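Asks: Here is the input, now give the coordinates:
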Amino acid sequence: MPQIQINNAAIHYEEHGDGPESIVFAHGFLWSGHMFEQQVMALKDHYRCITFDFRGQGQSEVSRSGYDLCSLCEDTADLIESLQCAPCHFVGLSMGGFVGMRLAIHRPDLLKSLMLLETSADPESEHSLGQYRLLGFIARWFGLRIIANRVMESN
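Replies: Next up is the predicted model:
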């Protein structure tokens with residue numbers, strides 16, 4: 001299980017392929033880089049594909065300090081620099097898209113392109129923030145299985 005120490009947290013990541021350009025995939029809230037498995041399999045013969053799990057999610061460390069979008073953006077920038085894959089094509093789904101937009105604003109030197117999926121630049125509503133906090137609590141203490149169908153439609 002490859003991990004890299006970023007900002008005092010062990011961050012899980014995977015690399016596939018070794019093409020001349022890199023694609024970094026950033027997952028949605030409470031998921032993991034595993035959600036991009038099919039895309040990585042389709043692209044790894046032509047690109048260096050990197051998936052990772054945000055801190056506190058997937059196989060990455062749950063840090064005592066917690067996290068917010070600014071710290072996730074810092075983690076992601078440090079990951080891109082540490083893995084020497086800049087400038088990269090960045091694919092962000094939902095929360096990963098929020099991070100991608102922040103990277104584009106604060107660290108455009110790290111990006112060659114930005115692909116945003118199921119995301120928005122609009123602020124989250126207070127109602128949604130409460131739901132996300134509850135989902136995070138449930139996921140941390142009981143696992144994702146009991147909430148997966150509510151968060152993501154089944155195939």
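Asks: From now on I want contacts and neighbour counts done on CA atoms only, so please keep to that.
Replies: Will do.
Asks: What does the closest residue in space to K44 that isn't next to it in sequence show for phi and psi?
Replies: Nearest residue to K44, sequence neighbours excluded (C-alpha to C-alpha, 6 or more residues apart in numbering): G17, at 4.4 Å. Phi and psi for G17, reported as degrees, to the nearest 10, are phi 80, psi 170.
Asks: Would you agree G17 is in contact with M41?
Replies: No. G17 is beyond contact range of M41, at 9.1 Å (criterion: C-alpha atoms under 8 Å).
Asks: Spell out the secondary structure type for D18.
Replies: For D18, the secondary structure call by DSSP: H, G, I helix; E, B strand; the rest coil comes out as coil.
Asks: For the residue nearest to it when sequence neighbours are not counted, give me phi and psi.
Replies: Nearest non-adjacent residue to D18, counting by C-alpha to C-alpha, 6+ apart: R48, 4.4 Å away. Per-residue torsions, R48: phi -80, psi 110 (degrees, to the nearest 10).
Asks: Check the gap between R48 and L83 for me.
Replies: Distance of R48 to L83, given as C-alpha to C-alpha, to the nearest Å: 11 Å.
Asks: and the two? which has more neighbours close in?
Replies: Taking neighbours as other C-alpha atoms under 10 Å, R48 and L83 compare with R48 leading, 20 against 11.
Asks: For the more buried one, give me its contacts.
Replies: Neighbouring residues of R48 by C-alpha atoms under 8 Å, 6 or more residues apart in numbering: E15, H16, G17, D18, G19, P20, E21, S22, I23.
Asks: Any idea what the last one is bridged to?
Replies: The reference is to I23. Bridge pairing for I23 (DSSP bridges) gives the partners C49, H89.
Asks: Could you tell me how many residues sit around F137?
Replies: F137 has 12 neighbouring residues, counting by other C-alpha under 10 Å.
Asks: Correction: the previous question concerned F29.
Replies: F29, neighbours per other C-alpha under 10 Å, totals 18.
Asks: re the thing from before, starting from Y13, give me the distance back to the residue nearest to D18.
Replies: According to C-alpha to C-alpha, R48 stands 13 Å off from Y13.
Asks: Same question for P20.
Replies: 19 Å.
Asks: More neighbours: those two, which one.
Replies: Ranked by neighbour count (other C-alpha under 10 Å), P20 and Y13 place Y13 first, with 20 against 9.
Asks: and the residue positioned nearest the centre of the chain, what is it in contact with?
Replies: Residue closest to the average C-alpha location in the chain (C-alpha atoms, centre = their mean): A26, at 2.9 Å. The neighbourhood of A26, defined by C-alpha under 8 Å, 6+ apart, consists of G33, T51, F52, D53, F54, F90, V91, G92, L93, M95, G96, G97.
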